[in-house]
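A.B. asks: sequence? don't have it. structure:
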């Protein structure tokens with residue numbers, strides 16, 4: 001995994017702060033729609049992975065009966081719902097980009113020409 005980058009202040013007149021906005025993207029790729037989608041996909045997928053791992057460990061603990069589970073059943077269900085909703089959001093974001101490609105292609109390569 002590559003080292004994450006920090007965002008420089010937005011203008012030279014702004015005072016620097018201790019907190020710098022996080023981004024997976026190198027500075028020269030920020031504000032590029034494709035690169036921003038890659039960063040969004042990485043963030044969403046890592047979040048889904050975390051939700052699923054927490055649910056998995058809680059279910060394993062619950063099944064074993066030896067260990068108190070990290071999450072109760074209600075919170076386990078909430079994390080599963082969050083994971084499902086997150087994956088749906090990512091799929092919809094990808095679908096919008098695919099639709100944009102289709103519209104672009106229909107203008108560049110109109111049918112019947």
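C.D. replies: In hand now; what should we look at? None of the values given here were measured: they were computed from a predicted structure. Numbers count the residues shown, from 1 in each chain.

A.B. asks: which helices and strands does the host helix or strand of residue 77 pack with?
C.D. replies: Using DSSP states H and E, residue 77 maps to helix 73-108. The contact analysis (3 or more C-beta pairs under 8 Å, 6 or more residues apart in numbering; DSSP states H and E) places helix 73-108 against helix 33-64. Where you see a C-beta, it was placed from the backbone N, CA and C, and this is true even at glycine.

A.B. asks: What backbone torsions are found at residue 23?
C.D. replies: Here is the backbone geometry of residue 23 (degrees, to the nearest 10): phi -150, psi 140.

A.B. asks: That one: neighbour count?
C.D. replies: Neighbour count for residue 23, taken as other C-beta atoms under 10 Å: 16.

A.B. asks: re earlier: can you give me the angle the helix holding residue 77 makes with helix 33-64?
C.D. replies: Helix 73-108 and helix 33-64 are oriented at 160 degrees to each other (axes from the mean of the first three to the mean of the last three C-alpha atoms, to 10 degrees).

A.B. asks: what's the offset of helix 73-108 from the middle of its chain?
C.D. replies: If you compare the mean C-alpha spot of helix 73-108 with that of the full chain, they lie 10 Å apart, counting by C-alpha atoms, centre = their mean, to the nearest Å.

A.B. asks: so where's the protein uncertain?
C.D. replies: Counting by pLDDT under 70, the chain contains low-confidence residues at 1-12, 112-113.

A.B. asks: hmm, try it at 90
C.D. replies: Along the chain, the parts satisfying pLDDT under 90 run over 1-24, 26-27, 30-31, 65-67, 100-113.

A.B. asks: so what's the spatially most central residue of it up against?
C.D. replies: Taking C-alpha atoms, centre = their mean as the criterion, residue 44 is the residue nearest the geometric centre of the chain, at 2.1 Å. Counting by C-beta atoms under 8 Å, 6 or more residues apart in numbering, residue 44 touches 86-87, 89-90.

A.B. asks: May I have the phi/psi pair for the closest residue to residue 32 other than its chain neighbours?
C.D. replies: Distances taken as C-beta to C-beta, 6 or more residues apart in numbering put residue 25 closest to residue 32, at 8.0 Å, once the chain neighbours are dropped. Main-chain torsions, residue 25, degrees, to the nearest 10: phi -90, psi 140.
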